[in-house]
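Peer 1: structure, please.
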Amino acid sequence: MYVVIMGAGRVGLTLANYLVTSGNDVTVIESNNGLCSEAAANLDALVICGNGTNTKTLEDANISDADVFVAATGFDEANLLSCILVKEYDVSKIIARVSNPDHEEAFKKVGIDYVISPELTAAGYLEKLINRPKIADLIVVGKGNAELLDISIQNSRVVGKCVGDLSPTDDYIIAAIHQNGEMRIPHDDWVLKKDEKISVLVKTRAVKKVTSVFI
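Peer 2: Okay, the predicted model is just below:
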């Protein structure tokens, strides 16, 4: 997959590193010379020093060949303008970072369907970790109406029971068992053990109730 990222700040550079590591072709556009140099030194990717709100810069990045464009700068106006320009090249997926949640509607009005706020996402994640201290890790799923929780089994009432006796229900499903460093999809007859780590897909409204089943 070919991905063009505008912005080599913290968000853009981290994303680029992840994408390169997972085998994608990446080009980064950055207008700041210092950030350009840093990105070029740390990334196995093409780095273009230029303004992503300029059509020529986008074409230098072969934007017409891109599968995905990500506007990842910390400036909403620049991100919005670049996304509008990129729409003319029929890029199949355009993703915009928005710093001010009040600007999200403006992106959607021009047809940008993927609008992300890393700051709000991080804050929401931290809030959940604080309010759910017994959860080892969690991922918010869908539109925030479900979560994937990593839980270490402590409740003696479920120890020795089979997965099929407990899951699925209307509120949750045991999606995986972690054993010897590997994640396995459990069969109904898998017997749960104390301190065994499981991944549970649960509706957000039922997290507290479901957590009490296992902890």
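Peer 1: wait, what's in contact with residue 189?
Peer 2: Applying Cβ atoms under 8 Å, 6 or more residues apart in numbering to residue 189 gives the contacts 162, 163, 164. Glycine gets a C-beta too; all of them are placed from N, C-alpha and C.
Peer 1: is it true that the last one touches residue 188?
Peer 2: Spelled out, it's residue 164. Yes: between residue 164 and residue 188 there is a contact under Cβ atoms under 8 Å: 2.9 Å.
Peer 1: got any ranges where this structure has weak pLDDT?
Peer 2: The model of the chain has pLDDT under 70 over residues 125, 136, 142-143.
Peer 1: run the chain-centre distance for the longest helix seen in it.
Peer 2: Of all segments of type helix in the chain, defined using DSSP state H, the longest is helix 118-131. Distance of helix 118-131 from the chain centroid (Cα atoms, centre = their mean, to the nearest Å) equals 13 Å.
Peer 1: can you pull the buried residues of the very next helix or strand once past that helix?
Peer 2: Counting by DSSP states H and E, the next helix or strand C-terminal to helix 118-131 is strand 137-141. Residues residue 138 are the ones in strand 137-141 that count as buried (16 or more other Cβ atoms under 10 Å).
Peer 1: and if you look at stretch 119-137?
Peer 2: Neighbour-count burial for stretch 119-137, counted by 16+ other Cβ under 10 Å, picks out 128, 132, 135.
Peer 1: what do you get for stretch 187-205?
Peer 2: Applying 16+ other Cβ under 10 Å to stretch 187-205 flags 190, 192, 196, 198, 199, 200, 201, 202, 203 as buried.
Peer 1: and which of the buried residues of stretch 119-137 is nearest to residue 72?
Peer 2: If you rank the buried residues of stretch 119-137 by distance to residue 72 using Cβ to Cβ, residue 128 comes first, at 24.1 Å.
Peer 1: give the contact list for that closest one.
Peer 2: Going by Cβ under 8 Å, 6+ apart, the list of residues near residue 128 reads 135, 138, 140, 147.
Peer 1: out of the residues you listed, which two sit at the greatest distance?
Peer 2: Using Cβ to Cβ, the two most remote members of the contacts of residue 128 are 135 and 140, lying 12.3 Å apart.
Peer 1: got a markdown table for the contacts of residue 128, with distance to residue 176 too?
Peer 2: Converted to a markdown table, these look like this (distance: Cβ to Cβ, whole Å):
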| residue | distance to residue 176 |
| --- | --- |
| 135 | 15 |
| 138 | 14 |
| 140 | 17 |
| 147 | 14 |
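Peer 1: quote the end-to-end distance of stretch 163-183.
Peer 2: Taking Cα to Cα, to the nearest Å, stretch 163-183 runs 15 Å from one end to the other.
Peer 1: got a list of contacts for that stretch?
Peer 2: With Cβ under 8 Å, 6+ apart, stretch 163-183 has contacts from 148, 150, 158, 184-190, 192, 196-203, 206, 209-210, 213.
Peer 1: domain map for this protein?
Peer 2: Domain assignment for the chain by automatic domain parsing gives 2-117, 132-214.
Peer 1: most packed of those?
Peer 2: domain 2-117 (a mean of 18; mean count of other Cβ atoms under 10 Å).
Peer 1: what's the end-to-end length of it?
Peer 2: The first and final residues of domain 2-117 sit 23 Å from each other (Cα to Cα).
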